[in-house]
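Asker: here is a sequence together with a model predicted from it:
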Amino acid sequence: MPLSVTVAHFSATGPRARNEDFTGCVTPHGADLASKGFAAVVADGVSGAGGGREAAEHCARNVLADYYATPDTWEVSQSLDKIYSALNRWVQTQARASPDLLGMATTLTTLVLRGSMYHFAHVGDTRIYLLRDGVLQSLTTDHVWQRPEMEHVLTRAVGLDTSVTADHGFGLVRRGDVFALVSDGVWAALATTDLQRELSHAATSKDSVEHVARSIVEYAHQLGGKDNATALVVRVEDVDANALRDVLQTASELPALPPQEVGQIFDGFTVLERMHLSRVTVLYRVRDSHAANGRDLTMKALTREAHADAHERLAFAHERWLNKRVVARFFAQNVDPPENASASYSLTTFHPGKTLAQQLAAGGHFSIPEAIKCAVELSRAVGALHRRSIIHRDIKPENIHLGDDGQLRVLDLGVAVSGFEVAELSNATRAGTPSYLAPELFQNVEPSAQSDIYAVAVTLYHLLSRKFPYGEVEPFQTPKFGEATPVSRWRPDCPGWFENIISRGLAVEPAHRFETAEEFLLAIEQGPLSAASPRKSTLRQPLATRNRLRTWQVIAAAAIILNFVLAYFLNR
């Protein structure tokens, strides 16, 4: 069952001249409901400040619009943080542009229900309440001064300062849960017991949600509330415990693609060549007869043996899902199979050229300028993945394609993980090729952007030397990482600054590597200037970091010598 909610809202001005509250929600359908979920927001423009209503309405509307425009692979908190920061800049700009809007600001509280989880982002003193099993709790904390003489003075709001920091939270959603997003005009007037009693009606009758939202607001004003009052009430009817997994499972229900021969036609695609065959997947170059120009495409499918494995089917469907979301020049672009496809396969644009591994196998030699160009393009490609919260996990020469058009493209998202993860796909921490795995992955640490950066550095090292910095690692081996062999040992023509960059990417400790692909790229683009501010690496570390035993041996020897010297002078 997909996520299902019943929702209603009501807002009233009360004794004030103008209503500066704003609330709204979005309930998408189909794939958007599974990947993004239901979103609701409440905002309260700062009273007494010019443009309070405008700030509340603009921010609330844009949260609901922009959240669904963020990449599906982003975590909810990442999406909302980006949106909140952009809105804060907008409010600040408006306030500076007009004296009448000086002090323009708003509270902003957002609730997202996705799959079986709730997520929220919160700034100010609007609140989210959760009623579960008859017990009411506030999920948010008010950002106000906790002093009697400064009651209801906000310490955080969108537009209040040059930057904004939102509180984030998440938890499991249950069928029958009731969420309430309210402005301070509600909770300041109603006792917790009153609000709990009113929301309890929403938990018992499907037709009562709209009545409850209205009665909460009206009751707040009846009790003497002097402020605008707004309530948005959400009752959870059904929880999608599987969400993305169900979408992927549906995509993987087609039968396996039968082995294809050159010249064979399947679903309107003429097989031109079999490009690759492994234990898990097979790749064909095919000609698309559906297109007017008869373009060539790459068709990828699971082997029959792999297709019999439910985990492999799910992983393959996940790869197809990711392919649709990495739209950039660094990747082959997804092409949707026909609606009446008779087997499970994916299609991407075909680009003539060779992988870096194929070039090496054919005796190719990478000059220093060529390696630097690859480093620039590869760091940009990996950065494009990381900005979408996708960790590739298998960066290596075999998965890097250099087209005849000169464009470098990263291939194969088969073991990639994303911010929107599926439990069955995240159980292989050491997925990938052993010699390119970062040291921490052998300790079952979760993959990260820095583990991809390590693989990029190994790839560059291998392009230059055809060797591995710590030696080749065999499958199922747990290696010990000492000191990497400098790439200049194999390539004396490698500039010192470029060697330092590669060495930093190869650091055993993630904290000693580049933090992001963008930082890696900046160091390369700065060229020799990057050597002016060297960072720790496995090749340029102090003795105390590289060899702690030797350090203590030196200290002990020095202490013994010092004792002998002191004894000599004391006995004279």
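Answerer: Right, received. Where do you want to start? Small disclaimer: the values here were computed from a predicted structure and weren't measured. Residues are numbered from 1 along each chain as shown.

Asker: strands along the stretch 401-550 of the chain, start to end?
Answerer: Counting by DSSP state E, counting those that start in this stretch, the stretch 401-550 of the chain forms strands over residues 408-410, 417-418, given from the N-terminal end onward.

Asker: columns distance to Ile453, mean pLDDT and mean neighbour count on top of these, output as a markdown table?
Answerer: For glycine as for every other residue, the C-beta is placed from the backbone atoms N, C-alpha and C. Formatted as a markdown table, the entries for the strands of the stretch 401-550 of the chain read as follows, by distance: least, Cβ to Cβ, whole Å; pLDDT from 0 to 100; neighbours: other Cβ atoms under 10 Å:
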| stretch | distance to Ile453 | mean pLDDT | mean neighbour count |
| --- | --- | --- | --- |
| strand 408-410 | 14 | 96 | 22 |
| strand 417-418 | 16 | 84 | 24 |
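
Asker: now the stretch 1-150 of the chain, which segments are flagged as low pLDDT?
Answerer: Judged by pLDDT under 70, the stretch 1-150 of the chain has its weakly predicted residues at 1, 47-50, 146-150.

Asker: where do the helices sit along it?
Answerer: In the stretch 1-150 of the chain, the segments counted as helices under DSSP state H, counting those that start in this stretch are 30-35, 52-67, 76-97.

Asker: and among these, the most buried is which?
Answerer: Taking mean count of other Cβ atoms under 10 Å as the contact definition, the stretch among these with the greatest mean neighbour count is helix 52-67, which reaches a mean of 21.

Asker: gap between Ser183 and Gln196?
Answerer: Distance check for Ser183 against Gln196: by Cβ to Cβ, to the nearest Å, it reads 18 Å.

Asker: ditto for Arg18
Answerer: According to Cβ to Cβ, Arg18 and Gln196 sit 30 Å apart.

Asker: neighbour count: those two, which is higher?
Answerer: Taking other Cβ atoms under 10 Å, Arg18 and Gln196 do not tie; Gln196 has more neighbours (16 against 10).

Asker: now do the contacts for the nearest residue to the more buried one once chain neighbours are set aside.
Answerer: By the measure of Cβ to Cβ, 6 or more residues apart in numbering, the closest residue to Gln196 outside its immediate chain neighbours is Leu136, 4.0 Å from it. Residues touching Leu136, when contacts are defined by Cβ atoms under 8 Å, 6 or more residues apart in numbering, comprise 129-130, 192, 195-196, 199.

Asker: one more pass at 10 Å, please.
Answerer: Applying Cβ atoms under 10 Å, 6 or more residues apart in numbering, we find Leu136 in contact with 129-130, 178, 180, 192-193, 195-200.

Asker: go on, Asp240?
Answerer: Asp240 makes contact with 1-4, 33-34, 37, 113-117, 173, 246-247, according to Cβ under 10 Å, 6+ apart.

Asker: for the residues you listed, which one is nearest Cys25?
Answerer: Checking the contacts of Asp240 against Cys25 with Cβ to Cβ, the nearest one is Leu113 at 10.0 Å.

Asker: please name the nearest non-neighbouring residue to that closest one.
Answerer: Excluding the flanking residues, the one nearest Leu113 by Cβ to Cβ, 6+ apart is Phe38, at 4.5 Å.

Asker: quick check: buried residues in the helix or strand where Arg285 lies?
Answerer: Per DSSP states H and E: Arg285 is located in strand 281-288. For strand 281-288, a neighbour-count test (16 or more other Cβ atoms under 10 Å) marks 281-288 as buried.

Asker: if I look at the nearest residue to Ile83 once chain neighbours are set aside, how far off is Gly225?
Answerer: By the measure of Cβ to Cβ, 6+ apart, the closest residue to Ile83 outside its immediate chain neighbours is Asp66, 4.8 Å from it. When Cβ to Cβ is applied, the distance between Asp66 and Gly225 equals 32 Å.

Asker: do you know the pLDDT at the residue nearest in space to the middle of the chain?
Answerer: Computing the C-alpha centroid of the chain and ranking residues by Cα atoms, centre = their mean puts Ser389 first, at 2.7 Å. Note on Ser389: pLDDT of 85.

Asker: Ala301 too?
Answerer: At Ala301, the predicted lDDT confidence score is 95.

Asker: what's the answer for Arg313, then?
Answerer: 87.

Asker: so how many other residues sit close to it?
Answerer: Arg313: 21 neighbours (other Cβ under 10 Å).
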